[in-house]
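**Student:** sequence first, predicted coordinates after that:
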Amino acid sequence: MTSKVVEVVAKILEGMNKNISLEEVNKELRKKKEYDQQMVSAAFSLVYDKVLLKRNSSLKDSQVENVRFLSDEEKEILGIENYNYLLHLANVGLLNKVDIEMLLEQITMFPSDTVTKDDINWIILLSLVDFDNEILPGSRVLLYSTDTIN
């Protein structure tokens with residue numbers, strides 16, 4: 001399932017935070033057989049294209065960030081398990097405070113009272129892809145030896 005890409009990205013970032021090499025993280029993900037190679041490749045592409053870029057820009061602007069507490073309505077809609085999942089994703093560096101705000105705003109607009117982990121993963125996955133960019137994440141623009149540059 002496509003929403004599992006977010007889980008793979010979280011595992012990659014978790015490994016990076018523990019100073020585990022990307023090769024070792026890749027080997028560990030392959031051993032589990034829970035994720036196929038295409039999903040792992042897409043996750044690594046998102047890590048390189050978006051998350052590392054976001055992390056580098058946040059290091060430049062590092063300031064003390066405030067902690068946001070959920071309202072009672074947000075706690076009821078989100079649930080404790082999903083809130084812990086969001087905190088985990090924030091701790092590994094996948095989400096920042098702006099992402100969490102956007103996510104909470106999207107979740108409060110959901111028609112149902114219960115939000116699943118898959119719903120959250122879909123919203124996060126859509127936030128990782130930059131639709132304003134002409135080149136999608138992981139894409140490569142190739143020049144061939146027969147091409148001419150003007």
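**Tutor:** Now that the structure is in, tell me what you want to look at. Numbering: from 1, shown residues only.
**Student:** for this structure, what's the longest helix?
**Tutor:** helix 4-17 (DSSP state H).
**Student:** got the buried residues for that one?
**Tutor:** For helix 4-17, the neighbour count (16 or more other Cβ atoms under 10 Å) marks 4-16 as buried. Backbone N, C-alpha and C define where each C-beta goes, glycine included.
**Student:** got it, and stretch 85-99?
**Tutor:** So for stretch 85-99, counting by 16+ other Cβ under 10 Å, buried means 85-86, 89, 92-95, 99.
**Student:** now swap in stretch 111-131 and tell me
**Tutor:** 115, 119-125, 127-128.
**Student:** cool, stretch 27-44 as well?
**Tutor:** 29, 35, 39-40, 42-44.
**Student:** about what we covered before: okay, the helix or strand following the longest helix of the chain in CSV with CA atoms only?
**Tutor:** Going down the chain from helix 4-17, the next helix or strand is helix 22-32, by DSSP states H and E. Extracted C-alpha coordinates of helix 22-32, given in CSV (Å, rounded to 0.1, in the frame of the first residue of the first chain):
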residue,chain,number,x,y,z
LEU,A,22,21.9,4.0,4.9
GLU,A,23,23.3,0.7,3.5
GLU,A,24,22.5,-1.0,6.8
VAL,A,25,19.1,0.5,7.0
ASN,A,26,18.4,-0.7,3.4
LYS,A,27,19.6,-4.2,4.3
GLU,A,28,17.4,-4.2,7.4
LEU,A,29,14.4,-3.1,5.3
ARG,A,30,15.1,-5.8,2.7
LYS,A,31,15.4,-8.5,5.4
LYS,A,32,11.9,-7.9,6.8
